[in-house]
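A.B. asks: only geometry, no sequence info:
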């Protein structure tokens, strides 16, 4: 019999790794005040450096915060402190002391300093443009602003999942490769899939619809790709899409679900992200005031409001970025526009049976950004769906699988899609959706 104890001998390095993990602590823990007067060891990157004749002050950052370190002339750490540069990675140890003048109210009197990676002169200085920062996004991600945005984004995604789970939805994983358009062929990114021409997904909606016949209530959080040549603050070629579909649900059910989701995210994000929201100068009360139900107006009413504002818009024209922003200014918060002309909506949109010219489609709009969610009822009648496919000039054979869903136990159902970056941009009052994602992809930007 094999002696397992001799075969699986513990690695001699493991105890050392565990000791190191205990010795090095997050900066955020030090800033909590629990280690005042105690010896600590931290590691991170040099955020700022200031030298006087007798003291070198170094701000060190890690994922949890920034703390000031002081190195006195004559200490063992002085020579190392003199040579380190901005963004060098280091390990520092010393005694924690309270100092109200220091960022965070605490300072470490450093007696030992070790450089892990000495940085070359850092290219980001005080004088920079937004365009330059996007060119060096791989470095700008180290900024406190981007650190905070990404943390809030992560919490937002967690809250979205939590909301859906509490409402009985199942998270699913749709494909990124698709064989036919969901939102119109003009915005498809084509690619070679072995020997076939296929596309990157514009939306997971059609595949989510297939899943409701098994799971009834499904959602996904996944990237979508649209080759739109728009250059507004709300357009990305690659964006993260929250999409949901529900069997036996109406458009009104979807609007209630959408406003519930947005209201939940705005109210619940405040406490866990209070530090980040403060750093980003976000008006927390504005988020707490996002309380459903949201106002609702019809497309007809929206057109009348826009005409009063001086827009020369004809009935049947789609609302553009400028029109949506103008409408949003009148409401000051999230609201819905619904009952759009059917001809400006996608082929899968269901029409009002008593008014076939209108689609059971709705958008949620917010100030500055405009539309952040599009949803509505899906056409559940097989013959009507086929008719719409043909009217749009689409190849029926590409959608046979989708038509099958109406052949075998069709039910009325509805769904929606939410742009994560648009929602986050509005919540944090950012300048552009490009600031709401680590590596933005637009008509002109695909680097780094």
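C.D. replies: Yep, it's here. All of these numbers come straight from a predicted model, not from anything done at the bench.
A.B. asks: residue boundaries of the helices in the stretch 301-448 of the chain?
C.D. replies: Remark: helices assigned in the stretch 301-448 of the chain by DSSP state H, counting those that start in this stretch are 321-331, 382-391, 400-407, 420-428.
A.B. asks: what residues does the longest one touch?
C.D. replies: If I follow you right, that is helix 321-331. Helix 321-331 has contacts (CB atoms under 8 Å, 6 or more residues apart in numbering) with 230, 232, 234, 295, 302, 305-306, 309, 311, 313, 319, 335, 337, 363, 365-371. C-betas here are computed from N, CA, C, even on glycine.
A.B. asks: go on, stretch 272-280?
C.D. replies: Against stretch 272-280 from outside (CB under 8 Å, 6+ apart): 144, 145, 148, 149, 151, 152, 155, 269, 270, 284, 287, 428.
A.B. asks: pull out the buried residues from the residues you listed.
C.D. replies: 148, 149, 151, 152, 155, 269, 287, 428 (16 or more other CB atoms under 10 Å).
A.B. asks: other SSEs contacting the lengthiest helix in the chain?
C.D. replies: Ranked by residue count, the top helix of the chain under DSSP state H comes out as helix 144-166. Judged by 3 or more CB pairs under 8 Å, 6 or more residues apart in numbering; DSSP states H and E, helix 144-166 is in contact with strand 170-171, strand 217-225, helix 251-268, helix 274-279, helix 420-428.
A.B. asks: repeat that for 7 Å
C.D. replies: strand 217-225, helix 251-268, helix 274-279, helix 420-428 (3 or more CB pairs under 7 Å, 6 or more residues apart in numbering; DSSP states H and E).
A.B. asks: among these, which is nearest residue 61?
C.D. replies: The closest of those to residue 61 is helix 274-279. By CB to CB, the value is 12.4 Å.
A.B. asks: any idea which helix or strand comes after the closest one?
C.D. replies: helix 284-288 (DSSP states H and E).
A.B. asks: local confidence estimate at residue 128?
C.D. replies: Per-residue confidence (pLDDT) for residue 128: 86.
A.B. asks: give me the below-cutoff pLDDT ranges for the chain.
C.D. replies: Applying pLDDT under 70 to the chain picks out residues 1-22.
A.B. asks: domains of it?
C.D. replies: For the chain, automatic domain parsing gives the domain ranges 12-117, 133-436.
A.B. asks: list the contacts of stretch 200-216.
C.D. replies: For stretch 200-216, the external contacting residues (CB atoms under 7 Å, 6 or more residues apart in numbering) are 170, 172, 174-176, 178, 181-183, 187-189, 191, 218, 220, 222, 224-226, 241, 243, 245-247, 378, 402, 405, 409, 413, 415, 417.
A.B. asks: centre of the chain versus that stretch, how much separation?
C.D. replies: 21 Å (CA atoms, centre = their mean, to the nearest Å).
A.B. asks: which positions within it qualify as buried?
C.D. replies: Quick answer for stretch 200-216 (16+ other CB under 10 Å): 200-212, 215-216.
A.B. asks: what's downstream of the helix or strand harbouring residue 69, the next helix or strand?
C.D. replies: Element membership of residue 69 [criterion: DSSP H and E] is strand 65-72. The element immediately downstream of strand 65-72 (helix or strand, assigned by DSSP H and E) is helix 78-83.
A.B. asks: name the residues of that following helix that are buried.
C.D. replies: In helix 78-83, counting by 16+ other CB under 10 Å, buried: 78, 80, 81.
A.B. asks: residues contacting residue 138?
C.D. replies: Neighbouring residues of residue 138 by CB under 7 Å, 6+ apart: residue 448.
A.B. asks: that one and residue 444: what is the separation?
C.D. replies: 17 Å (CB to CB, to the nearest Å).
A.B. asks: same deal with residue 414?
C.D. replies: Here residue 414 is placed at a distance of 36 Å from residue 444 (CB to CB).
A.B. asks: please apply the same query to residue 327.
C.D. replies: 29 Å.
A.B. asks: before we move on, the earlier item: in strands, which of the buried residues of stretch 200-216 appear?
C.D. replies: residue 200 (DSSP state E).
A.B. asks: quick revisit: the contacts of stretch 272-280: which two are farthest apart?
C.D. replies: 144 and 287 (20.4 Å).
A.B. asks: how near is residue 344 to residue 30?
C.D. replies: Distance from residue 344 to residue 30, by CB to CB: 57 Å.
A.B. asks: which of the two has more neighbours?
C.D. replies: Neighbour tally, residue 344 and residue 30, criterion other CB atoms under 10 Å: the higher count belongs to residue 30, 22 against 14.
A.B. asks: before we move on, back to that, among the helices and strands packed on helix 144-166, which comes closest to residue 388?
C.D. replies: Nearest of those (CB to CB): helix 251-268, 17.0 Å.
A.B. asks: what packs against the closest one?
C.D. replies: For helix 251-268, the packing partners by 3+ CB pairs under 7 Å, 6+ apart are helix 144-166, helix 284-288, strand 355-366, strand 370-378, strand 413-419.
A.B. asks: try it again with 8 Å
C.D. replies: helix 144-166, strand 238-247, helix 284-288, strand 335-341, strand 355-366, strand 370-378, strand 413-419, helix 420-428.
A.B. asks: looking at the ones you listed, which is nearest to residue 265?
C.D. replies: Nearest of the helices and strands packed on helix 251-268 (CB to CB): helix 144-166, 5.0 Å.
A.B. asks: now do that closest one: distance to the chain's middle.
C.D. replies: The answer for helix 144-166 is 7 Å, by CA atoms, centre = their mean.
A.B. asks: more neighbours, residue 414 and residue 444?
C.D. replies: residue 414 (27 against 10).
A.B. asks: helices of the stretch 1-150 of the chain, start to end?
C.D. replies: Using DSSP H, counting those that start in this stretch, helices in the stretch 1-150 of the chain cover 4-7, 14-23, 27-31, 78-83, 130-135, 137-140, 144-166.
A.B. asks: residue 347 reaches residue 392, doesn't it?
C.D. replies: Yes: counting by CB atoms under 8 Å, residue 392 is a contact partner of residue 347 at 4.5 Å.
A.B. asks: tell me which of the two has more neighbours.
C.D. replies: Per other CB under 10 Å, whichever of residue 347 and residue 392 has more neighbours is residue 347, with 21 against 13.
A.B. asks: quick one: contacts for that one?
C.D. replies: 379, 385, 388, 389, 391, 392, 394.
A.B. asks: hmm, the first one is touching residue 388, no?
C.D. replies: Yes: under the contact definition of CB under 8 Å, residue 379 touches residue 388, with a separation of 6.4 Å.
A.B. asks: what do these two both touch?
C.D. replies: Taking CB under 8 Å, 6+ apart as the criterion, residue 379 and residue 388 both touch 347, 348.
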